[in-house]
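1. the sequence and its predicted three-dimensional model are supplied below.
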Amino acid sequence: MNLNTSKSILIALSLVTACLGVVTLAYAHGDVTPQAVDTHELPKLGAEWLEANPYKGNPTAIRIGASAYNQNCARCHGLEAVSGGIAPDLRHLPTDAATDEYFQGSVRRGKVRNGNVYMPPFEGIMSQEAVWALRSYIVSRHIED
Ligand code: HEC
């Protein structure tokens, strides 16, 4: 093995080590990157945002929504929608159509006031299908006050 080859091996090894470090860091900080939601099993909804949940009560939407919720919302709103107190407990949100519209607006725009991001906007990250799957899941977890 000549000098250049061993040099390349050393460089390759340090690159691998550096990458491992980044991966470890990412895991240590938990699931904070928004996760893409696979909604191919649900009817397509088009580009125009609907005001009311077209998947209300749809078991497939509830299942997809549950996984989307646990990957994207649970870190603030609590696992299975049981809030630990840092964000509202979404099980108490009313289940009517007016709240459907409020829900999709909240998820798309997030909660940003005076430059403070209480909740990040999910517009462009969550498809319309994913937002209504999330809503279907939240409604399935509803409890009366
Ligand atoms: C970084 C933390 C965080 C994440 C992640 C987050 N939220 Fe929130 N969310 C909040 C906070 C904090 C509020 C209350 C904001 C306020 O003061 O208005 C809130 C408010 C809401 C509201 C309005 C509740 C109400 O009672 O008015 C809805 C609906 C909501 N979030 C849904 C979601 C969904 C669905 C997701 C996942 C796609 C999500 N949030 C992800 C922190 C978060």
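-> Everything's here; your move.
2. all strands for the chain, in order.
-> In the chain, the segments counted as strands under DSSP state E are 111-113, 116-119.
3. turn those strands into TSV, columns for mean neighbour count, distance to the ligand and mean pLDDT.
-> (Glycine included, C-beta is placed from N, CA and C.) Shown next, in TSV, are the strands of the chain (neighbours: other Cβ atoms under 10 Å; distance: least, Cβ to the nearest ligand atom, whole Å; pLDDT from 0 to 100):
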stretch	mean neighbour count	distance to the ligand	mean pLDDT
strand 111-113	11	4	97
strand 116-119	11	3	97
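4. just put the ones you listed in JSON lines and tack on distance to His40.
-> Converted to JSON lines, the strands of the chain look like this (distance: least, Cβ to Cβ, whole Å):
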{"stretch": "strand 111-113", "distance to His40": "30"}
{"stretch": "strand 116-119", "distance to His40": "27"}
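5. which among the ones you listed is found nearest to Asp89?
-> Of all the strands of the chain, it is strand 116-119 that lies closest to Asp89, at 13.9 Å by Cβ to Cβ.
6. list of residues touching the closest one?
-> Among residues not part of strand 116-119, those counted as contacts by Cβ atoms under 8 Å, 6 or more residues apart in numbering are Cys76, Ala87, Ser106, Gly110, Lys111, Val112.
7. how about the residues of this protein by the ligand?
-> Contacts of the chain with the ligand, taken as Cβ under 6 Å from any ligand atom, map to 72-73, 75-77, 87-88, 90, 93, 103, 106-107, 111, 118-120, 122, 134.
8. now the buried members of those.
-> 72-73, 77, 87-88, 90, 93, 103, 106-107, 119-120, 122, 134 (16 or more other Cβ atoms under 10 Å).
9. alright, that wraps it up for me.
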